[in-house]
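[1] Turn this into a model:
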Amino acid sequence: MPARLFSDSEDEAIPTHAMKRSKLNNGRAYAREEPSSAFQTKLFINNQFVDAQEGATFETVNPATGDVICTVAEAREADVNLAVKAAQQAQDGWRRTTGPARRDLLLKLADLIEENLEELATLETLDNGKPLGVSKAVDLPLVVKCFRYYAGWADKVTGQTNPVEGDFFSYTKVEPKGICAAVIPWNFPLLMAAWKLAPGLATGNCMIVKPAEQTPLTALRLAELIKAAGFPAGVVAMLPGFGPSCGGVLAKHMEVDKIGFTGSTAVGHIIMKDAAESNLKSVTLELGGKSPLVICEDADMDEAVAAAQVGVFFNQGQVCTASSRIFVHESIHDEFVAKLVAATKQRTQGNPFEDVMMGPQVSQEQFDIVNGYIAKGKAQGARLACGGKKTKGKGYYIQPTIFTEVSDDMTIAKEEIFGPVMSILKYSDFRDAIKRANDSKYGLAAGIFTRDINKAFEYADDVEAGTVWVNTYNSFDTAQGFGGYKMSGLGRELGPKVLDAYTETKAVMVKLGHKKGH
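    Next up is the predicted model:
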């Protein structure tokens, strides 16, 4: 049974699936001490919600206030083993399920998410801190689209026949990997879960998901919807927990066939090492970035200013593609900075359940990390043009921050900050701007604003990044693949390409009893 939200009546309880936004007041649930919340808080294994084997729990916190929302069961090795055992029991039947049957389950799940969009968006905002308007208009619609897109692929993943020499018939079969683990970040909790669940399920894999410990609540609500949609027991598990004691166990597990991770490059190294030292499981990684955005002298100034804000301040800067290095041509530098600073000072920030553009950072830890980078920027000689302070009141709020007079060797120009901190660098020569843009260990994304189509194509050809945006930024679509060069990761998410990560190709050679052509 999920925990329940008590109404004014002592005896009346409202189950999780009936939770409405009216039961939330500025992100706080009206809840009595026992049970502590309106939300599902247990592990999801074999289509059942269960306590952790060791009885371990952890608190999840509302970043807008710093208050505890509820206590969640913490998965550890014994729980991982249970989830893997359930997946092993389910995998043979699930892999043999027809493509149309998997398609229909995914479409049903997408419908359920859409029907519960308001509730899921509210829960995402409560646990993550992003503005409710963003959760409703961006995150949740993209989640629905993702499940529907891969539902469309479920009955279209096929092998082929091969024109081999000799009296043989050759064909290939595309088969699921098997048991796939997914370690999800906290910046887009439900959307990143969808990016991995949807293609994995469409291709017939069992999925074990570890949501981020900072933001477990929407994943557990999604598990309720997965069960309601009719997915068989064991096909999906949700294991809230911590990196070393849960994610690390999945990475090392000898019965897990693939692991996908979205998060920091440092943890990506650990996962690759664990996978290599265990069963050489397949690994896909979507890691960090320090993305460059080049503003040419002929750019539409207003559009460039707007895109620069979206590139860095969207989702409180907690975006792996954040355009935190903005190269501005010297001839328009001062005008661009003046307009950008003026626009940034107009950005509203506060209670994410109100009509604001920015909420808090996700946690005290992330708040401290971002403030540390702001301090380094000041200490190393960058000029603080605006922001750089905590917004007054409770919660983990940091003002949108702009540094100018930044040099390429400064820490804020080299390291991923994952917060609302923008570095503006001046350039004079276009080829030099590209060279400097590429002078990074990362290569996740890049952008350019120009009216010159030749410059746009030159930049797109020569910049070392997995995604390049021209006269736009942070524009995503499920049909377009996403991933990084260099230390920004391995493999691709989204689009048809990601299906390769969840499948194996089997070649079959059959000797014919007759000569070809006779």
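
[2] ok, now which ones touch residue 469?
    445-448, 475 (CB atoms under 8 Å, 6 or more residues apart in numbering). C-beta here means a position set from N, CA and C on the backbone, and glycine is covered the same way.

[3] ugh, wrong one, I meant residue 359
    Counted by CB under 8 Å, 6+ apart, residue 359 has contacts 63-64, 125, 129-131, 316, 349-352, 397.

[4] so the nearest residue to it once chain neighbours are set aside, which of the three states?
    Leaving aside its sequence neighbours, residue 359 sits nearest to residue 352 (CB to CB, 6 or more residues apart in numbering; 3.6 Å). Judged by DSSP: H, G, I helix; E, B strand; the rest coil, the three-state class of residue 352 is coil.

[5] Just give me the neighbour total for residue 376.
    15 (other CB atoms under 10 Å).

[6] who's in contact with the closest residue in space to it that isn't next to it in sequence?
    If you skip the residues right next to it in sequence, residue 376 has residue 411 as its closest partner in space, 4.7 Å away by CB to CB, 6+ apart. Neighbour list for residue 411: 373, 376-377, 380 [criterion: CB under 8 Å, 6+ apart].

[7] Could you export the contacts of residue 359 as JSON lines, including neighbour count, distance to residue 184 and pLDDT?
    Formatted as JSON lines, the contacts of residue 359 follow (neighbours: other CB atoms under 10 Å; distance: CB to CB, whole Å; pLDDT from 0 to 100):
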{"residue": "63", "neighbour count": "32", "distance to residue 184": "17", "pLDDT": "98"}
{"residue": "64", "neighbour count": "25", "distance to residue 184": "21", "pLDDT": "97"}
{"residue": "125", "neighbour count": "28", "distance to residue 184": "17", "pLDDT": "98"}
{"residue": "129", "neighbour count": "31", "distance to residue 184": "17", "pLDDT": "98"}
{"residue": "130", "neighbour count": "27", "distance to residue 184": "15", "pLDDT": "98"}
{"residue": "131", "neighbour count": "24", "distance to residue 184": "21", "pLDDT": "98"}
{"residue": "316", "neighbour count": "31", "distance to residue 184": "18", "pLDDT": "97"}
{"residue": "349", "neighbour count": "20", "distance to residue 184": "26", "pLDDT": "96"}
{"residue": "350", "neighbour count": "19", "distance to residue 184": "27", "pLDDT": "96"}
{"residue": "351", "neighbour count": "20", "distance to residue 184": "26", "pLDDT": "96"}
{"residue": "352", "neighbour count": "27", "distance to residue 184": "20", "pLDDT": "97"}
{"residue": "397", "neighbour count": "23", "distance to residue 184": "24", "pLDDT": "98"}
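
[8] for those, which one is nearest residue 454?
    residue 316 (36.1 Å; CB to CB).

[9] any idea how far that closest one is from residue 128?
    Going from residue 316 to residue 128 by CB to CB, to the nearest Å gives 9 Å.

[10] and what of residue 440?
    Taken as CB to CB, the span from residue 440 to residue 128 is 27 Å.

[11] Same check on residue 495?
    Taking CB to CB, one finds residue 495 at 26 Å from residue 128.

[12] For the two, work out which one has more neighbours and name it.
    Legend: neighbour count by other CB under 10 Å for residue 495 and residue 128, higher for residue 128 (31 against 16).

[13] Nearest spatial neighbour of the more buried one, chain-adjacent residues omitted?
    That would be residue 215: by CB to CB, 6+ apart, it lies 5.1 Å from residue 128.

[14] Could you give the number of residues near the one you found?
    Residues contacting residue 215 under the criterion other CB under 10 Å number 28.

[15] Is it located within a strand, as I assumed?
    No. Under three-state DSSP, residue 215 falls outside any strand and is assigned coil.

[16] Is it in contact with residue 191, as I believe?
    No. With contacts counted by CB atoms under 8 Å, residue 215 stays clear of residue 191, the gap being 11.3 Å.

[17] How much space separates the residue nearest to residue 128 from residue 58?
    Distance from residue 215 to residue 58, by CB to CB: 12 Å.

[18] Now do the contacts for the residue sitting nearest the centre point of the chain.
    Centroid check for the chain by CA atoms, centre = their mean gives residue 192 as the closest residue, at 3.4 Å. Contact analysis of residue 192 by CB under 8 Å, 6+ apart lists 184-185, 262.

[19] Quickly note the distance from it to residue 386.
    From residue 192 to residue 386 the distance is 31 Å (CB to CB).

[20] hang on, the earlier thing: how about a markdown table for the contacts of residue 192, with secondary structure and neighbour count added?
    Below are the contacts of residue 192 laid out as a markdown table (DSSP: H, G, I helix; E, B strand; the rest coil; neighbours: other CB atoms under 10 Å):
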| residue | secondary structure | neighbour count |
| --- | --- | --- |
| 184 | coil | 28 |
| 185 | coil | 23 |
| 262 | strand | 25 |
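
[21] with these in mind, which one is nearest to residue 111?
    residue 184 (22.4 Å).

[22] Residue 197 is in contact with the closest one, correct?
    No. In this structure, residue 184 is not within contact of residue 197 by CB under 8 Å, at 9.4 Å.

[23] which neighbours do the two share?
    Joint contacts of residue 184 and residue 197 (CB under 8 Å, 6+ apart) are residue 209.

[24] Mind listing the shared neighbours of residue 316 and residue 128?
    With CB under 8 Å, 6+ apart as the test, residue 316 and residue 128 both reach residue 362.
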